[in-house]
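1. structural data only, the sequence is not supplied:
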Ligand SMILES: Cc1ncc(COP(=O)(O)O)c(C=O)c1O
């Protein structure tokens with residue numbers, strides 16, 4: 001916005017639900033695309049447009065659309081592509097609500113999903129040998145950080161004429177830009193690391209094909225998936241430090257993963273930057289030398305040990321989200337994957353003793369001390 005001969009350095013907050021238009025001729029020029037501008041905030045607003053332009057640059061996409069949450073973005077991306085009677089192929093390692101969307105919601109509209117182990121390319125090839133509309137994977141799966149072999153999956157999708165949608169929430173474009181590896185659309189929950197301060201709920205879809213953008217914009221407006229200006233404004237501010245935050249949190253997470261693996265009472269540590277992670281080599285190839293802020297560790301003693309750990313480590317709040325500046329922990333079996341069946345959780349390697357850690361950017365020693373406090377009591381009482 002120009003103010004005399006100047007413009008503000010920082011994007012202003014345009015907290016308006018609607019815009020004024022001079023007359024009917026101006027209205028027609030706006031709808032026709034001859035004039036730039038906005039009409040109604042559910043169809044678009046300046047803060048979403050500004051944020052979308054930045055996201056498109058970060059993902060090396062031709063376009064980005066901002067939605068009211070990560071789930072809204074995922075739903076919008078899927079609805080853009082599917083018709084009643086279609087089939088989806090999806091990873092069996094997905095955020096729990098995504099699995100529910102595919103398993104419970106979409107069948108009501110005549111869309112069925114086949115779940116497969118997408119780390120097994122032969123299984124994906126087999127699943128795609130029956131007609132399907134799209135393949136859905138997480139680049140780094142929630143919570144066990146299994147990596148998707150994006151170029152292998154993109155080749156299979158091309159052969160089968162299927163769209164590849166990837167959820168890049170755990171990796172963020174700092175670690176991985178899926179469009180460069182052949183994905184058709186990238187979805188991010190901006191609620192997490194991208195906005196980065198635990199005060200926003202927002203999502204985005206990014207892509208390359210202009211035809212998909214037209215349909216996606218229509219889906220977002222008609223289904224009501226639009227974003228609000230203040231969350232866009234906060235996210236734009238958060239993105240300014242994304243690279244710095246990811247650098248600091250990844251370095252903390254790598255050190256903590258190695259330290260946790262030496263602690264009595266810790267049965268298993270899952271971190272893609274450790275050689276004992278099943279996708280370590282793939283992570284080295286796909287990620288840009290950093291392995292993210294997310295890790296899991298499993299305590300001896302199951303759910304009771306987790307409870308004791310949480311009570312004894314108040315400096316690591318039990319807070320079922322991720323990607324904030326502060327280190328937090330979550331319990332996949334009771335939160336993000338609560339509605340998966342025990343068999344589905346087992347298939348994904350989610351156990352009753354598993355804690356998911358979202359490592360923040362605090363000094364490493366402070367996080368280690370807080371974890372040690374939780375572990376000491378968990379150990380003692382588990383005996
Ligand atoms: C991998 C992943 N994708 C999508 C979502 C949904 O995002 P939102 O909570 O912004 O709707 C989440 C939420 O935890 C997630 O972990």
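-> Now that the structure is in, tell me what you want to look at. On a predicted model such as this, the values are computed, not experimentally measured, just so you know. Numbers count the residues shown, from 1 in each chain.
2. strands of the chain, start to end?
-> Taking DSSP state E to define them, one finds strands in the chain at 63-67, 87-91, 112-116, 134-138, 163-167, 185-189, 203-207, 266-270, 294-299, 328-330, 354-358.
3. in CSV, list those strands along with distance to residue 227 and mean neighbour count.
-> (Glycine included, C-beta is placed from N, CA and C.) Converted to CSV, the strands of the chain look like this (distance: least, Cβ to Cβ, whole Å; neighbours: other Cβ atoms under 10 Å):
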stretch, distance to residue 227, mean neighbour count
strand 63-67, 4, 26
strand 87-91, 25, 23
strand 112-116, 27, 18
strand 134-138, 22, 25
strand 163-167, 18, 26
strand 185-189, 13, 29
strand 203-207, 8, 29
strand 266-270, 33, 19
strand 294-299, 25, 26
strand 328-330, 24, 22
strand 354-358, 23, 26
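4. which residues of the protein lie near the ligand?
-> For the chain, the residues in contact with the ligand (Cβ under 6 Å from any ligand atom) are 69-71, 95, 138, 142, 167, 169-170, 189, 191, 201, 203, 336.
5. Throw the strands of the chain into CSV and include mean pLDDT, thanks.
-> As requested, the strands of the chain are exported to CSV (pLDDT from 0 to 100):
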stretch, mean pLDDT
strand 63-67, 98
strand 87-91, 98
strand 112-116, 98
strand 134-138, 98
strand 163-167, 98
strand 185-189, 98
strand 203-207, 98
strand 266-270, 98
strand 294-299, 98
strand 328-330, 98
strand 354-358, 98
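6. among those strands, which comes closest to residue 25?
-> For the strands of the chain, the distance to residue 25 is smallest for strand 63-67, at 28.3 Å, taking Cβ to Cβ.
7. centre of the chain versus that closest one, how much separation?
-> Centroid separation for strand 63-67 versus its chain: 14 Å, with Cα atoms, centre = their mean, to the nearest Å.
8. against which helices or strands is that strand packed?
-> helix 46-59, helix 70-81, strand 203-207, helix 210-223 (3 or more Cβ pairs under 8 Å, 6 or more residues apart in numbering; DSSP states H and E).
9. contacts for the shortest one?
-> Contacts with strand 203-207, where a contact means Cβ atoms under 8 Å, 6 or more residues apart in numbering, come from 51-52, 55-56, 59, 61-74, 76-77, 179, 184-191, 194, 213, 216.
10. residues in contact with the closest residue to residue 340 other than its chain neighbours?
-> Computed as Cβ to Cβ, 6 or more residues apart in numbering, the closest residue to residue 340 that is not its neighbour in sequence is residue 96, at 5.5 Å. Residue 96 makes contact with 336, 337, 338, 339, 340, according to Cβ under 8 Å, 6+ apart.
11. residue 144 too?
-> 93, 270, 296, 348, 349, 350.
12. correct me, but the fourth one touches residue 342?
-> No - using Cβ atoms under 8 Å, residue 348 is not in contact with residue 342, being 11.0 Å away.
13. so between the two, which is more surrounded?
-> A direct count of neighbours by other Cβ atoms under 10 Å for residue 348 and residue 342 places residue 348 higher, at 23 against 10.
14. residue 222 versus the closest residue to that one other than its chain neighbours, what's the distance?
-> Spatial nearest neighbour of residue 348, excluding adjacent residues (Cβ to Cβ, 6+ apart): residue 93 at 5.0 Å. Here residue 93 is placed at a distance of 31 Å from residue 222 (Cβ to Cβ, to the nearest Å).
15. pick out whichever of these two has more residues nearby.
-> residue 93 (25 against 11).
16. the more buried one reaches residue 147, doesn't it?
-> No - under the criterion of Cβ under 8 Å, residue 93 is not in contact with residue 147, lying 10.5 Å apart.
17. joint contacts of the two?
-> Joint contacts of residue 93 and residue 147 (Cβ under 8 Å, 6+ apart) are residue 141.
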